[in-house]
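S.K.: Mind folding the following:
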Amino acid sequence: MKNVGQLDSSIRLLLSLVMLYLGWMYGGAVSYVLYALSLILIWTAVTGNCFVYNLLGIDTFKPGFEKAVRKVAAQGKPASKPAKKAVKKRK
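M.R.: Numbering: from 1, shown residues only. Purely as a prediction, here's the structure:
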């Protein structure tokens, strides 16, 4: 079951590229940790399923969630209430 939305996937891919670059720059044991984390982020972005999100009950895949987050981000208000409303509408 997918629980990672498009915006979330894009952010994960961007962060994984940054981690890959930093791992290449630092080398040593730090690079292996950064490579492992970036592979996890790439895997969750491609598959659309995040194990941690499953444990916490988070779902950013729902269409109304991303729209509500973008709307609230434009207004500069906390995203909790509109995001919850968007999730409730989809259920």
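S.K.: the bottom helix or strand of this protein by mean pLDDT?
M.R.: Ranked by mean pLDDT, DSSP states H and E, the helix or strand of the chain with the weakest confidence is helix 80-90, at a mean of 58.
S.K.: Where does pLDDT dip in this protein?
M.R.: Applying pLDDT under 70 to the chain picks out residues 63-67, 69, 76-91.
S.K.: tell me the domain ranges of it?
M.R.: Listed by automatic domain parsing, the domain ranges of the chain are 1-56, 61-91.
S.K.: Show me which residues of stretch 41-54 are buried.
M.R.: Buried positions in stretch 41-54, judged by neighbour count with 16 or more other CB atoms under 10 Å: 41, 42, 44, 45, 48, 50, 53. Quick note: C-beta positions are derived from backbone N, CA and C, even for glycine.
S.K.: And it, end to end?
M.R.: For stretch 41-54, the first-to-last residue distance is 15 Å (CA to CA, to the nearest Å).
S.K.: contacts for that stretch?
M.R.: Contacts with stretch 41-54, where a contact means CB atoms under 8 Å, 6 or more residues apart in numbering, come from 1-4, 8-10, 12-13, 15-16, 19, 58-61.
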